[in-house]
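1. With the sequence up front, the predicted model follows.
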Amino acid sequence: MAASVIPAVLAAALLSADSYRKHRANIEQNTLETARALTQAVDQQLASGRTALYALATSPFLASGDLAAFHEQARQALRDLPGNNIVLTDASGQQLVNTLVPFGQALPRHANPAQARQVFETGKALVSDLYAGAVMRRSLIGVDVPVRIGGEIVYDLTMGFFPSRLGEILTRQGLPPDWVGAIFDSRGTIIARTHDAERFVGEKGSPGLLQGIARSREGQVQTPTLEGIPVVAIFSHSAVSDWSVAIGIPRSELTGYLWHPLLLIVAGATLLLAAGMALARLIASRITRSITGLVAPATALGRGEKVDLPPIQVREAREVGRALVNASQLLRKRERVLAVVAHDLRNPLNTLRLRAELGTVLANRLPGAERLVQELASLSDVTRRMSGMVDDLLAVAVAGQSDRSMLNLAPLGAASLLARAVDSVRELFDAYGIALRIEASRDLPEVQVDADRVLRLFVNLLDNALKFTAVPGEVVLRAEALPDRVRFSVANSGPALAPHELDALFRPFWQAEAGDPRGAGLGLSICRSIVETHGGEIWAETEPGKRVRICFALPTTGRAASPPEPGQPPRRAVAER
C-alpha cells in the first residue's frame, strides 16, 4: 500500500512546496521593489531640498548682507519645499537665520557643528544623520550646502527635516496594517517608522537587521522587531544618502498569505491519496497475505526442517514458495547422502590407520627397516588426518539434518571429557612449545553428548588456538558448572581481535587475514554445528591479555559425574606441557 501512496504523497508535497516557494518569492520580490521605491523617494526628498538650498544660496540678499530680507525669502520658499526649516550659519558655527523663530531673536550655535565645519572644509553638500535641533530641541535631519560669495565659502545653509515629514513617505505607500516600515540613517538609527514612531524614532534598529544591512546593499533577514514580533525584514540601502529602508513582514502573516493558494492543491492531493490508499489497501492485503505465508516455509528451510507450502494467492509469491520446497528437498537429500558417505568412510579409514600402526610396531622389530617404519608412520598420519576430515563432514551433515538421532548420545563426565581432550593434543602442544593451562573443578556434572563429536569439537578449538598463538604463549582451557549446563571455553594469548571480527568468526570460510595458509576458515563453523546439534550454544568474547575466548555450553544430564579417574584435570589451574 505504501508503494502506491508514497508517490502521490511525494507529488503533493513537491507541488505544495513549489507553490509555497513561488508565492513566497513573489511576495518577497514585490516587497523588495517597494523598499527600493521608498529608498528612491527618500533620496528624491533629500535631493529636492538640496536643489532648493543651492537656489537660495544665490540670493542677492546674502550677497548684500541683508539677512532680514533673506529670512523672509526663506520663509516664503518653505511653503513649496519639503523641509521644515532653513538655517544660515557662519564659519564659527553661529546661527544667523532660523526660520523657526522671528528674525533678530537670539539664536544658538549650529546643533551639528561637525557637519557645518565639514561643509566649510570640503565645499560639498552633506546629508546628516538624526540629531537634536538647537532651537526646538526636536530630532531632525539636516541637508547642508555651502554659500559662496566672491569665490569663498561664507555661510552654511541648512534645510531641516522633522522625522514626521519623512514618515509621510512611508504613510503614502500604504503598507498592510501589520507590516512594519522604517527609515534608517547611516548609523542605523530609526528616522521614521510606521508603528510607534514616537516611541522608537531615535532608537537603533534591531541587531539582526542592522547586521544584514551592513553585509549587503539589499536583501532579507529573519529577525524580531523592537516589539519582539518575528518578521522577515526586507531592506534596500541607498548609495546616495547612505540611508536604508526596511519593511518587516510578520512571519505568521507571510505564512497565512501562502495558505490560500495551497488549499486547492492540498484538497486535490487528499482526494488522490484517498483513492490511492483504497486501491493500495486492496492490493496490499493480497500481497501481505502471500508474503507472510512464505515466512514459515523460509524459517523451516533455514532450520533444515521439512517445508510445507500454505495456499498463496499471488503468482510470484507462489513460485517463490515452490522454489523453497524444492530447495528444502534438495538440501535434505544432499545432507543425507553426505552423512551416509561420511559415516561409511569412517570404518575403513580407522581400519587402515590401525593396520598402519600395527605395521609400524612390527617393522620396528625388523633390522634395517627404518625406511619402512617412516613410510608406515607417514601412512598412519595421513589416515589420521583423513579420519578427522571425515569427522568434520559428518558433523556438518548432522547439523544440516538437525537430527539428534544421528548422534550416539550417552552421559559422560565433563571432567573425563576434558582429560581425553587434553591427552589428544598434549604431544602437539609439547612439539610447538606452547603452554596448555586447564582451569576446571573436579565436581563437574555429566553431560549428554556424542563423545566422538564433542572430542572433535575440543580438538578443533585447541588446534585453532595453537595455530594463532606465538611462542612464548599459552592456551587456557576452562570448564565451570552452571544450573543446567556446563560452560567450556578456550582462550589463547595474542593481539586481541576487533569487535566486528568476533561476530564473523563462525561464518564458513571466514579468515582474519585473507589467504591465511593456516586454515580454510571452516573449523569454527564446524564447531558451531556440533554444539548446536547437541542443543547447546557457542559464542566468542574478549578477555584481557588474550586474542579471543571461544565459549560453548552443553546441557547436563542432571546427575553428578563419577569421581574423576587418575590423570584428569585437578580442581584448579595447572600448566600442561
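-> Alright, I've got the coordinates.

2. Ramachandran angles for Leu81?
-> Dihedral angles of Leu81 (phi, psi; degrees, to the nearest 10) stand at phi -110, psi 160.

3. can you pull the contacts of it?
-> Ser48, Gly49, Ala52, Met159 (C-beta atoms under 8 Å, 6 or more residues apart in numbering). C-beta here means a position set from N, CA and C on the backbone, and glycine is covered the same way.

4. in the stretch 351-500 of the chain, which spans are strands?
-> All strands of the stretch 351-500 of the chain, identified by DSSP state E, counting those that start in this stretch, fall at 409-413, 435-440, 445-450, 474-481, 485-493.

5. try the stretch 151-300 of the chain
-> 152-161, 180-184, 190-193, 218-224, 230-237, 244-250.

6. Can you name the residues bridging to Val221?
-> Ala233 (DSSP bridges).

7. Which residues are in contact with it?
-> Neighbours of Val221 in contact, by C-beta under 8 Å, 6+ apart: Gly208, Leu209, Gln211, Gly212, Val232, Ala233, Phe235.

8. ok, now Phe184?
-> Phe184 neighbours (C-beta under 8 Å, 6+ apart): Ile190, Ile191, Gly205, Leu210, Ile213, Trp243, Ser244, Val245, Ala246.

9. In this structure the fifth one contacts His237, no?
-> Yes - shown here, Ile213 and His237 form a contact pair, counting by C-beta atoms under 8 Å, at 5.8 Å.

10. overlap in contacts of these two?
-> Joint contacts of Ile213 and His237 (C-beta under 8 Å, 6+ apart) are Ser244.

11. about what we covered before: and of the strands of the stretch 151-300 of the chain, who's closest to Ala504?
-> Closest approach to Ala504 among these is made by strand 218-224 (51.2 Å; C-beta to C-beta).

12. tell me the angle of that closest one relative to strand 230-237?
-> 150 degrees (axes from the mean of the first three to the mean of the last three C-alpha atoms, to 10 degrees).

13. what's the angle from strand 218-224 to strand 244-250?
-> Using the same axes, to 10 degrees: strand 218-224 against strand 244-250 is 50 degrees.

14. And stretch 424-440, what's buried?
-> Val425, Phe429, Ile434, Ala435, Leu436, Ile438, Glu439, Ala440 (16 or more other C-beta atoms under 10 Å).

15. Hmm, Phe429 is touching Leu466, no?
-> Yes - counting by C-beta under 8 Å, Phe429 does reach Leu466; the two are 6.5 Å apart.

16. any common contacting residues for the two?
-> With C-beta under 8 Å, 6+ apart as the test, Phe429 and Leu466 both reach Val475.

17. From the contacts of Val221, list the buried ones, please.
-> Leu209, Gly212, Val232, Ala233, Phe235.

18. quick one: which of the residues you listed is nearest Glu121?
-> Once C-beta to C-beta is applied, the member of these that ends up nearest Glu121 is Phe235, at 32.2 Å.

19. and that closest one, what is it in contact with?
-> Contacts of Phe235 (C-beta under 8 Å, 6+ apart): Ala35, Leu209, Gly212, Ile213, Glu218, Gly219, Gln220, Val221, Ser244, Val245, Ala246, Ile247.

20. Which residue, other than its chain neighbours, is closest to it?
-> Ala246 (4.0 Å; C-beta to C-beta, 6 or more residues apart in numbering).

21. now do Gly545
-> Ser493 (6.6 Å).

22. how's this protein carved up into domains?
-> 48-161, 321-401, 407-576 (automatic domain parsing).

23. To Glu227, which of those domains lies closest?
-> domain 48-161 (20.3 Å).

24. would CSV of the domains of the chain with distance to Ala296 and mean pLDDT be doable?
-> As requested, the domains of the chain are exported to CSV (distance: least, C-beta to C-beta, whole Å; pLDDT from 0 to 100):
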stretch, distance to Ala296, mean pLDDT
domain 48-161, 83, 92
domain 321-401, 10, 70
domain 407-576, 21, 81
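
25. and Val180, which of these is closest to it?
-> Of all the domains of the chain, domain 48-161 comes closest under C-beta to C-beta, at 18.3 Å.

26. Run the chain-centre distance for the closest one.
-> With C-alpha atoms, centre = their mean, to the nearest Å as the basis, domain 48-161 stands 65 Å off its chain's centre.

27. Near the residue lying closest to Val180 once chain neighbours are set aside, how many other residues are there?
-> In space, and not counting its chain neighbours, Val180 is closest to Gly248: 4.0 Å by C-beta to C-beta, 6+ apart. When neighbours are defined as other C-beta atoms under 10 Å, Gly248 has 29 of them.

28. so who does Gly248 touch?
-> Counted by C-beta under 8 Å, 6+ apart, Gly248 has contacts Trp179, Val180, Gly181, Ala182, Thr225, Ile229, Val231, Val232, Ala233, Ile234.

29. Surely Cys527 is within a strand?
-> No - counting by DSSP: H, G, I helix; E, B strand; the rest coil, Cys527 is not part of a strand but helix.

30. just checking, it touches Phe552?
-> Yes - the criterion here is C-beta under 8 Å, and Cys527 meets it with Phe552 at 7.3 Å.

31. hey, what's in contact with both of those two?
-> In contact with both Cys527 and Phe552: Leu457, Ile538, using C-beta under 8 Å, 6+ apart.

32. I'd like to know how far the nearest residue to Arg165 once chain neighbours are set aside sits from Val201.
-> Distances taken as C-beta to C-beta, 6+ apart put Asn84 closest to Arg165, at 5.9 Å, once the chain neighbours are dropped. Asn84 is 14 Å from Val201, where distance means C-beta to C-beta, to the nearest Å.

33. I am finished for the moment; much appreciated.
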